[in-house]
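1. Dropping the sequence and predicted coords here.
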Amino acid sequence: MVIAMKNYAVMFAVLAAFSAREGAAQTRKIIYGGDDRRDLRESRPQWRAWARATAAMVATPNLEAYNAALFAGDLATANSFSLQNLGEVCPGERYANQPALGECSGFLVGPRTLVTAGHCAPQMQNIGYQWVFNYGLDQGGALYVPFAPADTYTATRVLQSLEQEDGLDYAVLELDRDVAGVTPLKFRRRGSVRFGTPLVVIGHPSGLPTKIAGGGRVLSNRDPIVFRANLDTFSGNSGGPVINARTGEVEGVLVDGADDYHKVTRADGTQCNRAIRSWIPRATEGVVRIGRVAEIQTL
């Protein structure tokens, strides 16, 4: 990849963030059967409504550099933030030309209360991060658009952050202000999800704009903290909501899974990353039960 000299600093920061995201063991995900991920504009109206209450965690330096490039009309620099460039994916991989700035996902459960994965929280202490809503491709939406200040929020308090050996992995954050015009997601307040329940997952796989994937089901339901499902997710989906397709209630927080990509060698000897697919449904994606997120139960 050839990059103009003025873009080295920007690309170093972005590639470092992408490498850190890909290296976290907790964030490994996979595609089962056909790829059920869809952009907002391809999804059901109800699912799009749920997605309005989700956000991407974006490093502040990357957000500022991306916005500056777009405002300056520097599409070459803006394109350096694409999945093709950052993730070195193989030609023909889905969404290769879309921006890939997100590092984790999160969702709103109160006017300014956001839930994400616990293993996402330590990243926020190392460098400034913003939580960006409306980072998605809706009807008629352009591929590369600046992040609007009205959609960008800062976490001012970490109300709780846990990442335990027993699988309990979540964080509850307080944002700097109420999220305007967004209805927080409903979540299960009693009982537990049943085996076989159909699921919808919303988030930012590989840091991409919002993707919604149906087609998953609860396939392992014995653990009191984490249930497992066959969800089409990637690194970057961590912290996103896993929603009961029948009730519209959040059943849990996506926290772990299988590997995302494997390297393949092309005819010219160069390597690229290809998404891993499994045609056999397996219960490899871990979801922390929402009832275990104690700090939100009184909302």
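-> Nice, I can see it. Numbering: from 1, shown residues only.

2. make it CA atoms for all contacts and neighbour counts henceforth
-> Fine.

3. Can you name the next helix or strand after the helix or strand hosting residue 46?
-> Per DSSP states H and E, residue 46 falls inside helix 45-51. Sequence-wise, the next helix or strand downstream of helix 45-51 (DSSP H and E) is strand 54-59.

4. Can you spell out which helices and strands pack onto that following strand?
-> If you count contacts as 3 or more CA pairs under 8 Å, 6 or more residues apart in numbering; DSSP states H and E, strand 54-59 packs onto strand 102-108, strand 129-133, strand 198-203.

5. In PDB, list the C-alpha atoms belonging to it.
-> Extracted in PDB, the C-alpha atoms of strand 54-59 (Å, rounded to 0.1, in the frame of the first residue of the first chain):
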ATOM      1  CA  THR A  54     -26.400   1.700  18.900                       C
ATOM      2  CA  ALA A  55     -23.000   3.500  18.600                       C
ATOM      3  CA  ALA A  56     -19.400   2.900  17.600                       C
ATOM      4  CA  MET A  57     -16.400   3.600  19.700                       C
ATOM      5  CA  VAL A  58     -14.000   5.600  17.600                       C
ATOM      6  CA  ALA A  59     -10.600   6.900  18.500                       C
END
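
6. quick check: angle from that strand to strand 129-133?
-> Orientation check (axes from the mean of the first three to the mean of the last three CA atoms, to 10 degrees): strand 54-59 against strand 129-133 gives 150 degrees.

7. Could you identify the helix or strand that succeeds strand 54-59?
-> Immediately after strand 54-59, counting by DSSP H and E, sits helix 60-71.

8. Name the residues of the helix or strand just after that following helix that are buried.
-> Sequence order places helix 75-79 as the next helix or strand after helix 60-71, per DSSP H and E. Of the residues in helix 75-79, 77, 78, 79 count as buried by neighbour count, 16 or more other CA atoms under 10 Å.

9. And the closest residue to the first one other than its chain neighbours, what's its pLDDT?
-> Spatial nearest neighbour of residue 77, chain neighbours left out: residue 69 (6.0 Å); criterion: CA to CA, 6 or more residues apart in numbering. Model confidence at residue 69, expressed as pLDDT, equals 96.

10. okay, now residue 69: neighbour count?
-> 16 (other CA atoms under 10 Å).

11. Distance check, it against residue 144.
-> 10 Å (CA to CA, to the nearest Å).
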